[in-house]
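Undergrad: Next one to model:
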Amino acid sequence: MFRQPIAWMVAAEIVVVAALAGVAWHELAGAANAAAPLILPATASPEDTSAPDVPADALAPPVATSGPLLPGLNVDPAFWRDRLTGLNGAEAQFEALEWRIIHSAMDTVRRYVDTVVVPSVERAEKGGA
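TA: Just a heads-up that it's a prediction; the model follows:
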């Protein structure tokens, strides 16, 4: 039984799936100990997740701090709003690129099936009947 390559492929696939299940179990067990929730509430809408407006007086540097700030840490909300807006724009561009790649691959597979596979199957059915 183990002389056939398919048996080794099945055994290797079982090992890979078991390893992935172990990693997933480890990650879920670690996430259960974290303070952040594992699943976000489904009631959030894009309006809920948008950045809030920052009043002009909040943009001023703080007068007194409870402790020393880390060197180079920018606590200006406008600075972070600009950075996160840029990050969200880059993420949207990346998602659009992913969709173009996926749809291009799907169209290629459809063309291959329509031009190569289906005619071959039809010829085989005509020849066998």
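
Undergrad: hmm, which helix or strand of the protein has the shakiest average pLDDT?
TA: helix 46-49 (a mean of 54; mean pLDDT, DSSP states H and E).

Undergrad: any idea which helix or strand comes after that helix?
TA: Going down the chain from helix 46-49, the next helix or strand is helix 77-112, by DSSP states H and E.

Undergrad: Identify each buried residue in the next helix or strand after that next one, please.
TA: Going down the chain from helix 77-112, the next helix or strand is helix 118-128, by DSSP H and E. Across helix 118-128, burial judged by 16 or more other C-beta atoms under 10 Å covers no residue at all. Heads up, the C-betas are built off the backbone N, CA and C, glycines and all.

Undergrad: what does stretch 103-119 give?
TA: Neighbour counts over stretch 103-119 (16+ other C-beta under 10 Å) mark no residue as buried.

Undergrad: and the end-to-end length of that stretch?
TA: 23 Å (C-alpha to C-alpha, to the nearest Å).

Undergrad: What average pLDDT does it get?
TA: What stretch 103-119 shows for mean pLDDT is 94.

Undergrad: now do stretch 4-21
TA: pLDDT averaged over stretch 4-21 gives 92.

Undergrad: How about exporting it as PDB, limited to the C-alpha atoms?
TA: C-alpha atoms of stretch 4-21 as PDB (Å, rounded to 0.1, in the frame of the first residue of the first chain):
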ATOM      1  CA  GLN A   4       2.100   3.900  -4.300                       C
ATOM      2  CA  PRO A   5       2.800   7.700  -4.500                       C
ATOM      3  CA  ILE A   6      -0.800   8.600  -3.700                       C
ATOM      4  CA  ALA A   7      -0.500   7.000  -0.200                       C
ATOM      5  CA  TRP A   8       2.500   9.200   0.500                       C
ATOM      6  CA  MET A   9       0.700  12.200  -0.800                       C
ATOM      7  CA  VAL A  10      -2.300  11.500   1.500                       C
ATOM      8  CA  ALA A  11       0.000  10.900   4.500                       C
ATOM      9  CA  ALA A  12       1.900  14.200   3.800                       C
ATOM     10  CA  GLU A  13      -1.500  16.000   3.500                       C
ATOM     11  CA  ILE A  14      -2.600  14.700   6.800                       C
ATOM     12  CA  VAL A  15       0.600  15.900   8.400                       C
ATOM     13  CA  VAL A  16       0.200  19.300   6.900                       C
ATOM     14  CA  VAL A  17      -3.400  19.600   8.100                       C
ATOM     15  CA  ALA A  18      -2.500  18.400  11.600                       C
ATOM     16  CA  ALA A  19       0.300  21.000  11.800                       C
ATOM     17  CA  LEU A  20      -2.000  23.800  10.600                       C
ATOM     18  CA  ALA A  21      -4.700  22.700  13.100                       C
END
